[in-house]
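Trainee: coordinates for the following, if possible.
(2 chains)
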Amino acid sequence: MTVLEFSLVVCAGSLIAGFLGALTGLGGGGLLVPMLLLLGVDIHYAIGASLVSVIATSSGAAAAYVREGFSNIRIGMFLEIATTTGALVGATLATHVSGGAIATVFGLVLIGSAYLSRKPRSKEEREAPQDPLATKLRMNGSFPDREGTREYNVQHVPAGLSLMFVAGALSGLLGIGSGAMKVLAMDRAMKIPFKVSTTTSNFMIGVTAAASAGIYLSRGYIDPGLSMPVMLGVLGGSLLGARVLVRAEIKWLRRVFSLVIVALGIEMLYKGLSGKL
Amino acid sequence: MSMNESWNDKKMDIFIGSLLRAGILFSGFIVAIGAIIYLIRDGHSPVNYRMFHGETPYFRTVAGVLRDAVALRGRGIIQLGLLFLIATPVARVAFSIFGFARERDYLYAIVASIVLLILLYSILFY
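Mentor: Sure thing, here's the model as predicted:
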């Protein structure tokens, strides 16, 4: 394959990864890596390109989500304390812990949560009273809904914060964006509306990824020739995904999300059991 | 929430949104320019990412990337654009400190400062 042909193929694949990444709040790195491996790219370059794709998806889509009032900046910033600390701890532990075992457990968790994440929230859950801690932290907010603006109350901040620490540690340990864990923590534990959860995860994953950018760059994982079509494709895809999310029905978004995390779960299981990490 | 407060939050959203958009458009533009030069010069050579060699040392440091980009090499310009892309979320955190402080939300100005410190620590020392 020539450089031109290769760039066009990678750009097209990245467009899809960026689209799904922006729509689900997962970043799309987990979709990009297997595709690059199939094209015969070495795992180190693939991981470097995946980091670039996560930052591009996050910033590209978040630009739209924040402006339109979907992402909650306060929730995102507060939880980033846990994800960035977690990532530091994870990166420090990475040399002492078996990545394979962790990937296997994480894969099983993802497949299990795919089932949970399809379930819409009950009326009681949606109308839960304000949580004192979340109110103190000014996390409650509103977002544009079909019938105008919908208010929501955030619950269980400590549980959410702990899960975000785990999400950060996983990304430090396994070199993944761990958007899945972030969406699940906000959607399931903190009872944040699904669209706010995915768009706030999208807002956050760029920061988690940027934290490891220094290591990847200095180890030479980021190749400009490979990252170029990835970045341009992912940017296009994420801008497209952001347009679709605004109008999409939540039931449908939940379905896409659970399908993608099943795929990610299987990928993690495979990585863990085959020792390819 | 009072009217004044929600208006400020709205303004903050627009500010952060515009910052992110400017970051990706600017870095995307630079990568695209690098891509054109790179594809015109090397578009027809065969591609090889099968083996990991690590990037040449000057693509691993900011100073090295700058030198190569100034020489108008396609790959150097792309790498420079990627550095701007990586800097975008960091700038977002840095400018939020300023935004929250202007909103007189000092709790969140501190939260954003903590995130920025951890982020800079992990970028510079890992």
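Trainee: mind listing the helices for chain B?
Mentor: Counting by DSSP state H, residue ranges of the helices within chain B are B:3-42, B:62-70, B:74-102, B:106-125.
Trainee: mean pLDDT lowest for which of those helices?
Mentor: Here the lowest mean pLDDT among the helices of chain B goes to helix B:62-70, at a mean of 79.
Trainee: please identify the deepest-packed of the helices of chain B.
Mentor: helix B:74-102 (a mean of 22; mean count of other Cβ atoms under 10 Å in any protein chain shown). Where C-beta positions appear, they are placed from N, C-alpha and C, glycine not excepted.
Trainee: what about that one, distance to the chain center?
Mentor: 3 Å (Cα atoms, centre = their mean, to the nearest Å).
Trainee: quick one: is it near chain A?
Mentor: Yes: judged by Cβ under 8 Å from any Cβ of the partner chain, helix B:74-102 and chain A are in contact via B:74-76, B:78-79, B:81-82, B:85-90, B:92-93, B:96.
Trainee: smallest gap between the stretch 101-250 of chain A and chain B, at which residue?
Mentor: Here the residue of the stretch 101-250 of chain A nearest chain B is residue A:220; by Cβ to the nearest Cβ that distance is 3.2 Å.
Trainee: need the helices of chain B in JSON lines (columns: distance to residue A:138).
Mentor: Below are the helices of chain B laid out as JSON lines (distance: least, Cβ to Cβ, whole Å):
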{"stretch": "helix B:3-42", "distance to residue A:138": "9"}
{"stretch": "helix B:62-70", "distance to residue A:138": "37"}
{"stretch": "helix B:74-102", "distance to residue A:138": "11"}
{"stretch": "helix B:106-125", "distance to residue A:138": "8"}
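Trainee: name the element the nearest residue to residue A:56 once chain neighbours are set aside belongs to?
Mentor: Nearest residue to residue A:56, sequence neighbours excluded (Cβ to Cβ, 6 or more residues apart in numbering or on different chains): residue A:234, at 4.4 Å. Assigned by DSSP states H and E, residue A:234 belongs to helix A:224-247.
Trainee: now do that helix: which elements does it pack against?
Mentor: helix A:3-24, helix A:29-38, helix A:43-67, helix A:194-218, helix B:3-42, helix B:74-102 (3 or more Cβ pairs under 8 Å, 6 or more residues apart in numbering or on different chains; DSSP states H and E).
Trainee: which other helices and strands contact the longest one?
Mentor: Packing contacts for helix B:3-42, counted by 3+ Cβ pairs under 8 Å, 6+ apart, involve helix A:3-24, helix A:43-67, helix A:73-93, helix A:224-247, helix B:74-102.
Trainee: burial count for the residue of the stretch 101-250 of chain A closest to chain B?
Mentor: Residue A:220: 18 surrounding residues under other Cβ atoms under 10 Å in any protein chain shown.
Trainee: quick check: it touching residue B:64?
Mentor: No: using Cβ atoms under 8 Å, residue A:220 is not in contact with residue B:64, being 11.1 Å away.
Trainee: show me what contacts residue A:192?
Mentor: Neighbour list for residue A:192: A:72, A:75, A:152, A:154, A:186, A:200 [criterion: Cβ atoms under 8 Å, 6 or more residues apart in numbering or on different chains].
Trainee: distance check, the most centrally placed residue in chain A against residue B:69.
Mentor: Nearest to the mean C-alpha position of chain A, by Cα atoms, centre = their mean, lies residue A:179 at 2.1 Å. From residue A:179 across to residue B:69, the span is 31 Å (Cβ to Cβ, to the nearest Å).
Trainee: what's the answer for residue A:75, then?
Mentor: 37 Å.
Trainee: interface residues of the stretch 101-250 of chain A facing chain B?
Mentor: By the rule Cβ under 8 Å from any Cβ, the part of the stretch 101-250 of chain A lying against chain B is A:137-138, A:206-207, A:209-215, A:217-229, A:231-232, A:235.
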